[in-house]
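Chemist: Could you look at this predicted model? Sequence included:
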Amino acid sequence: MVKKQKANYQKHELFAKLYINYVTELTDHYGTSLCNPLIRRRMDGILKQPMQQLIEKSLISLNDNEKYLLFEDCGIELKHPAVRSEEETASNLEKLKDALTDPEKMQKFMGEEWDYVTIANLFEKEINRAINQHE
């Protein structure tokens with residue numbers, strides 16, 4: 001049994017590297033150790049998710065990032081309303097109004113920059129590239 005586990009570990013070295021790296025990030029984030037059951041639950045939860053769900057999660061994140069970049073590009077500072085002055089709010093509204101007169105920016109604000117098929121294809125290409133390069 002031990003031999004089989006060792007062979008399996010060696011066969012899936014790329015997966016093992018990613019697993020070790022992410023577990024390290026989780027232990028740093030939670031300030032805990034590898035032995036904490038929370039780490040195993042988090043990792044098992046990720047591995048149980050269907051691929052489609054993980055791609056959709058990434059798609060939402062990428063589209064949100066595009067919108068944040070657009071706000072930044074327009075000079076709009078995103079602060080919590082409790083710490084933003086009335087002048088900042090007025091300035092941000094003016095900048096947003098100006099940005100929405102640009103059809104390209106309007107489309108980015110209202111639409112989605114990325115779509116599921118494009119992201120799924122990019123992931124497939126990048127994963128295959130990494131496997132081919134590192135195996």
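Modeler: Great, that's in hand. Everything quoted here is computed from the prediction, not taken from an experiment. Numbering: from 1, shown residues only.
Chemist: Domain parsing of this protein, as residue ranges.
Modeler: Per automatic domain parsing, the domain ranges recorded for the chain read 1-48, 50-135.
Chemist: From start to finish, how long is the shortest one in a straight line?
Modeler: In this case it means domain 1-48. Length of domain 1-48, first residue to last, Cα to Cα, to the nearest Å: 24 Å.
Chemist: mind checking how far the residue nearest to R42 when sequence neighbours are not counted is from Y116?
Modeler: Closest residue to R42 apart from its sequence neighbours, by Cβ to Cβ, 6 or more residues apart in numbering: L26 at 5.7 Å. Where C-beta positions appear, they are placed from N, C-alpha and C, glycine not excepted. Per Cβ to Cβ, to the nearest Å, L26 is found 27 Å from Y116.
Chemist: Give me the below-cutoff pLDDT ranges for this structure.
Modeler: Regions of the chain meeting the criterion pLDDT under 70 are absent.
Chemist: all helices of it, in order?
Modeler: 2-11, 13-30, 37-48, 51-73, 86-99, 103-110, 116-134 (DSSP state H).
Chemist: For those, could you give me TSV that also reports distance to K79 and mean neighbour count?
Modeler: TSV is the format used below for those (distance: least, Cβ to Cβ, whole Å; neighbours: other Cβ atoms under 10 Å):
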stretch	distance to K79	mean neighbour count
helix 2-11	48	9
helix 13-30	25	12
helix 37-48	31	12
helix 51-73	11	13
helix 86-99	7	13
helix 103-110	19	12
helix 116-134	30	11
